[in-house]
Every structure is written in C-alpha cells, then in structure tokens.
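> Here's a sequence, model it:
(chains A and B)
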Amino acid sequence: MNVMMLLEMAATAMSDRVAVGPLDGGLTGDRLMGDAAALAGRLRASKAEHLVLCDEPGAVLPVSLFGAAWAGVPYVPINYRLADDDLRRLAERTAPALAVVDPSGAERLAEVDGLEIVERNALSDDPAGGAQPADLSDWPMDPDAAAVLLYTSGTSGPPKAALLRHRHLVSYVFGTVEFASAGPDEAHIMAVPPYHIASVAAQLSQVYSGRRIVPLPKFDPDSWIDLVLSQGVTHAMLVPTMLARIVDALDRRGEALESVRFVSYGGGKSHRAVVERALELFPAAGFSHAYGLTETSSTVCVMGPDDHRRWADSDDPDEQARLSSAGRPLPGVEISVRRDDGTEAETGTAGEIWVRGEQVAGEYAEGGSTLDDDGWFRTRDSGHTDDAGYLWVHGRNDDIIIRGGENMSPGEIEDVLLTHPAVVDAAAFGVPSREWGEEVAVCVITRSPAPAADDLRELVRARLRSSRVPARVEFVDELPYNDTGKLLRRELRQRFASDSPGG
Amino acid sequence: MVELRPGARFQSTVCTTEVIVVKGTGPAELSCGGAPMAAAGSAERSGEPSADASEGTLLGKRYGDPDETIEVLCTKAGPGSLALGDVPLTVKVTKPLPASD
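As a prediction, the model looks like this:
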C-alpha cells in the first residue's frame, strides 16, 4: 500500500480534471502525477530521508505529499509560525532532508545542516531540479512504511512526531471516501494549516474523490469568503474558531454563501449558537461535525447532515442533545469509553475515550506504538456515549476538574454558560482550593449588558448540580486558543492558580 | 488459493485487473477472468479472460460476494471479472458517508 495508489487511480480516471488550483491554470490529475514523479526523482537523486514542507496551503502541498510517497520518504509539514530557533531545531531533526519552503523559510532555514532548500516557486517551475523523474508505478508498496510525520505541540519537552504509515492513511480513505464520487463542478476550500492532520486527510480525500482543491494561503474570514465566491466553492472544512469568524464576517457583510453545499467542522469545541447561525448563512449546505485526532488519521466519529436535521427537528430532548455530540463511529472504527480502572463505563457515564481501527496509528517516531495489546489507542480525551452510540467529547483529560473527588467536565459547564444570551465565549477550568482540592473557575467574554457573576452562577445551579457552580467568575476580553482552534484551558489554569486562595 | 487480509493486494493473471482487500481474512479461491489471482507483482500475465468471466472490472468500485464475507476494491481495471470460488463478485453499492474533511 502507498497513498500514491490513490493519486494513480484518480489520475487514470480523471486525468484532465483540475485537482488543485483555479479551473483555469490549476494542476490537472495528469499534471499532479507528473510533478509528483519529477519531485520523487529529485528526492531519490538526493540523500533526503524526509520531505519537509514549511509553507502555507498551496499547490505545492499535494505535489510534496505524493512526491514524497512516490520516493518512499515521509512527508513532514512543519509549522511556519514557529519562532526561528524552534523552527530550526525542528528542521535539524529531519536532516538529511529536502525542504520545500516559502520565500521567508528559505532565509530562516538557510543555516540548518543537511537541509537542501527548494523555494516553492522554483519547485513549481522545475519539480525535478535536473533529476530524472521517477518511473510510473515505481513506488514502494510496503504498507508499514512511514507516510507522514506530524509534530505535535508538546506541553513539556521538545515536540513529538506522530507517525502515520501508508496503511493507516489508505485505510482511512478507502473506508470513508467513494472513488471519483465528486461532480466535476465540486471544489473544496483548503484553509487548515498544512501541519494539521486535517490538511493531510483533506488532500487525500479530495484527490481520490475527484474534488478540486482550492487552497487559501492565509486564513482571514474575508479572504475565505471572497475565495468561496470567486471559485464557486462547494465544500469546506473548518475548525471552530474559523467558522465563528466567518459567521461574524458574513453577518457584517450581510451576505450568505449560496454555492456551499457542505461544511464540515471539528478539531475543537463548537458553540451551538455559531452552528445555528451558520445554518442560516449557508442556506444550501449540509453540516457535518467530526471528531478525530492526529494519531487516528483524523476523523473517527462523524455526525452528518441527515443527523443535524433530524435532531434539530426532534421534540425529544435526548435526541436534540445529540446536536452537540460528535456523532457515531465510522464503519470499521470502534469507540470504547473507560473508567480509570480500565473497565467499560456505562452508557451516559463519563470516562476516557479509546479508539480502535485500521486507520488508528497511535504511534510516535521517538517512542514507538502506544496501542495496547488489543490494538486500542488511548486518546486522553474524556467523553460519554448514549445508548444509540453517539459520542460526546468533553475535552482533554488534563482539563477535567476534580472537586472534592468528583470529576467534572469543563465542556458541560461551558455549554450551560453559552446558553446565556450575553455570553459570547466561555472557558471552565480548575483552580486550587484548600477545601476541595480544586474548585470551578470560569472565564467569560460577554457583550453588554453584561450579566452579573451571580446570574451566571444561578444559571449553572439551575441546570447542573450545585458542585458545578463556579467559585470564581472572571470577565475577560480574550480566551487563549491555539492556531488550530483548540481552547487552551491549561493556560487559564496556570494563570489563575497562583492568586486563588488555595494556590 | 490466496490468503486474504485487509490491505493485501492481488493481480489477475490474465488481464490488467488489480484489487486490494477491504474486508475478509483467511484462504480464499479468488479469481479474475476465470483464472486464480496472484499476489500483486508476483506473476506474469498470459492468456485471456475466459468467455464466462469477461464482464470486466471498474476502477474504484468495491466488489463483494452475496454473503458479504469478502470485499475488494478495484485499483486497476481490466476485462476479466472477479469471483470467489464459483460465485461471481458484484459491485457493492454503499451508502455514501458524509464527507468529514
């Protein structure tokens, strides 16, 4: 197995269809195949053991991803937003490598030993760089070969590289995408950063389905909307912060996006109010909510458009509640929610989420496999299921608040706060308490007229147990998110720990 | 007889067809064009599909037996048609999943 099989099939059946870029002048399936062969030849002629990509979303992404696969070296997209020293340290770990970079990356990485640097425009003009292009079908078929390394932002120590093998990614695509199923007019706007698993999954899925990729180099909501309008974009994948900003911009512009038929969101917590407004601003779109991790080759659970409609229209509160779930596991993926002692938690009871399936890698370049003997991967996310198999993701295990021995999910408290009309965003986290070990603290962003802290406490008391009532309520202008839209509760935990009575 | 496991790849010995196993494990009499299939890349092609097994395979389609014991995906098309023992494999129509990326 090799992800090149996916491109070869697509280029055979849809050779003239544009795979990436504008309809006029983009790379067709044939051309993408040719550029990947040329880059593979160049990689083979070099001593490179990795293909490093340090660039924004663009046509060089699929050329690099498939070219690396063809040559049999891992594709390693790195975060161009890192500080210079961190970026160089990361690049050093990949040497000897060929690095495809934007113009600023060429300068920033110039001093790194063992790195051959190719600027992205030079790569597009001459992907072979004087080498002989690789022969057709001449890619390694070892399913266990490493396909992609993705550096995760470690909270302590240097970043770890999650390792995805060809069999994980190919299984994911075969399991979730129907070959050549996209109409010739379909286009997917690719705005997620290249070093995010969603970018890798999107490239493979779009190429295999025959849907044109329209890359957006720098995300801001107005450029996103403009590109959707000018390119007739039909499909989009967004992390929650992007979706929230697009919804605000559409409201400001007084526009709705009629061409979009499909919006997938995931990679963090989404606010019900944002999703409900988005349903109005994308009147023709079906919505999907996906849950997945880097280590699981992206999506493992999904709630599709049919579910969105069905549960939104339901009169049954338990069914309506499914709107805030991550849906059900993909075919071939199993989910298990376990207690601390490793036994299966009852339906409706919170525990740690474990995942198993062909696409689940659960492996790091430095530490090897973390799967247990039966192939289960421990996500370190907390969640619960209902009796129909719907999964709710509460957040990282580390974010769980433990008050007087009782485990509380911050997501549950945030969801309640967000039902208040004046609360724009909310974060719940634990702060040290002499009496309870930890107590609930919340940071809220409000619009005027702002509610009193006691109003918010009363809201939580009325909806949840009294133990969930925040001891501390902070009104803030901003909450910390990482650049892929994950709320960083641990930063708040640290910031507010020291001046808490028990800290 | 070939040994099935998800991810295993097989080629026709009489036409250009290649498949990858999506579902199914263990020994199986997988044939294409009336001749036993071989591990991909392990055999030369010779001869032609027999007349009663020449409806062809379609690129990217999934094929399965009526009992749903196996499923293979066609990664290269060809003029031969697939069978498990005496049972022809037919195109499986799957309910499309919502795109998640």
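> Smallest gap between the stretch 251-400 of chain A and chain B, at which residue?
Nearest residue of the stretch 251-400 of chain A to chain B: residue A:304, at 3.1 Å (CB to the nearest CB). Heads up, the C-betas are built off the backbone N, CA and C, glycines and all.
> And for that residue, the neighbour number?
22 (other CB atoms under 10 Å in any protein chain shown).
> How much space separates it from residue A:121?
Separation of residue A:304 from residue A:121 (CB to CB, to the nearest Å): 39 Å.
> now swap in residue A:370 and tell me
40 Å.
> Let me see the residues that make contact with the helix or strand containing residue A:226.
Assigned by DSSP states H and E, residue A:226 falls within helix A:221-231. Identification of contacts with helix A:221-231 by CB atoms under 8 Å, 6 or more residues apart in numbering or on different chains yields A:22-23, A:187, A:189, A:191, A:214, A:216, A:233, A:236, A:242, A:245-246, A:248-250, A:253, A:255, A:257, A:259-260.
> any idea which residue of chain A is furthest from its center?
residue A:435 (38.6 Å; CA atoms, centre = their mean).
> residues contacting residue A:165?
Contacts of residue A:165 (CB under 8 Å, 6+ apart): A:143, A:144, A:145, A:146, A:147, A:361, A:363.
> mind running it again at 10 Å?
A:1, A:74, A:142-148, A:171, A:297, A:361, A:363 (CB atoms under 10 Å, 6 or more residues apart in numbering or on different chains).
> Quick check: beta-bridge partners of it?
When bridges are called by DSSP bridges, residue A:165 pairs up with residue A:146.
> try residue A:426
Bridge pairing for residue A:426 - DSSP bridges - gives residue A:444.
> looking at it, it is touching residue A:412, isn't it?
No: taking contacts as CB atoms under 10 Å, residue A:426 lies outside contact range of residue A:412: 11.4 Å.
> More neighbours: which of the two?
More neighbours surround residue A:426 than the other of residue A:426 and residue A:412, with 25 against 20 (other CB under 10 Å).
> Would you mind stating the distance between the more buried one and residue A:98?
45 Å.
> cool, and residue A:267?
Taken as CB to CB, the span from residue A:267 to residue A:98 is 29 Å.
> again with residue B:96
With CB to CB as the criterion, residue B:96 and residue A:98 are 38 Å apart.
> Counting neighbours, go ahead and name the busier of the two.
residue A:98 (27 against 11).
> confidence score at the more buried one?
At residue A:98, the model reports a pLDDT of 98.
> Residue A:288 too?
pLDDT, residue A:288: 93.
> What is the burial count for it?
Neighbours of residue A:288 (other CB under 10 Å): 25.
> Residue A:104 now?
Neighbour tally, residue A:104, other CB under 10 Å: 11.
> quick one: contacts of the host helix or strand of it?
Per DSSP H and E, residue A:104 falls inside helix A:103-108. In this structure, residues lying in contact with helix A:103-108 by CB under 10 Å, 6+ apart are A:52-56, A:78, A:80, A:82-85, A:87-88, A:91, A:99, A:101-102, A:117-122.
> Report the backbone C-alpha coordinates of it in CSV.
Listed next in CSV are the C-alpha coordinates belonging to helix A:103-108 (Å, rounded to 0.1, in the frame of the first residue of the first chain):
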residue,chain,number,x,y,z
PRO,A,103,10.5,32.7,0.5
SER,A,104,10.9,33.6,4.1
GLY,A,105,11.5,30.0,5.1
ALA,A,106,14.5,29.9,2.7
GLU,A,107,16.2,32.6,4.8
ARG,A,108,15.1,31.2,8.1
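> quick one: it to chain centroid distance?
Offset of helix A:103-108 from its chain centre (CA atoms, centre = their mean, to the nearest Å): 26 Å.
> which other helices and strands contact the helix or strand containing residue B:19?
If you go by DSSP H and E, residue B:19 is part of strand B:18-23. Helices and strands touching strand B:18-23, by 3 or more CB pairs under 10 Å, 6 or more residues apart in numbering or on different chains; DSSP states H and E, are helix A:166-176, strand B:2-4, strand B:9-11, strand B:30-32, strand B:62-64, strand B:71-76.
> Tabulate those in CSV, adding columns for mean neighbour count and mean pLDDT.
What follows is the helices and strands packed on strand B:18-23, written out as CSV (neighbours: other CB atoms under 10 Å in any protein chain shown; pLDDT from 0 to 100):
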stretch, mean neighbour count, mean pLDDT
helix A:166-176, 25, 95
strand B:2-4, 16, 95
strand B:9-11, 24, 96
strand B:30-32, 27, 97
strand B:62-64, 21, 96
strand B:71-76, 23, 96
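> Kindly tell me how buried residue A:388 is, as a neighbour count.
11.
> And the one 4 residues further on, by the same measure?
Here the neighbour count serves as a burial measure; for residue A:392 (other CB under 10 Å) it reads 25.
> Adjacent strands (with direction) for the helix or strand where it lies?
Here residue A:392, judged by DSSP H and E, is contained in strand A:391-396. Strand A:391-396 sits in its sheet next to strand A:377-385 (antiparallel), going by DSSP bridges.
> With just CA atoms, put the strand it pairs with into PDB.
Taking C-alpha atoms only, strand A:377-385 is exported to PDB below (Å, rounded to 0.1, in the frame of the first residue of the first chain):
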ATOM      1  CA  PHE A 377      -5.500   3.700  21.400                       C
ATOM      2  CA  ARG A 378      -5.900   5.900  24.500                       C
ATOM      3  CA  THR A 379      -7.000   9.400  23.300                       C
ATOM      4  CA  ARG A 380      -6.600  11.200  26.700                       C
ATOM      5  CA  ASP A 381      -9.900  12.800  25.800                       C
ATOM      6  CA  SER A 382     -12.800  12.400  28.100                       C
ATOM      7  CA  GLY A 383     -16.400  11.800  26.900                       C
ATOM      8  CA  HIS A 384     -19.500   9.700  27.100                       C
ATOM      9  CA  THR A 385     -21.900   7.800  24.700                       C
END
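> For that strand, which residues meet the burial criterion?
Across strand A:377-385, burial judged by 16 or more other CB atoms under 10 Å in any protein chain shown covers A:377, A:378, A:379, A:381, A:382, A:383, A:384, A:385.
> Farthest pair within the residues you listed?
Greatest spatial distance among the buried residues of strand A:377-385 (CB to CB): A:377 and A:384, at 18.1 Å.
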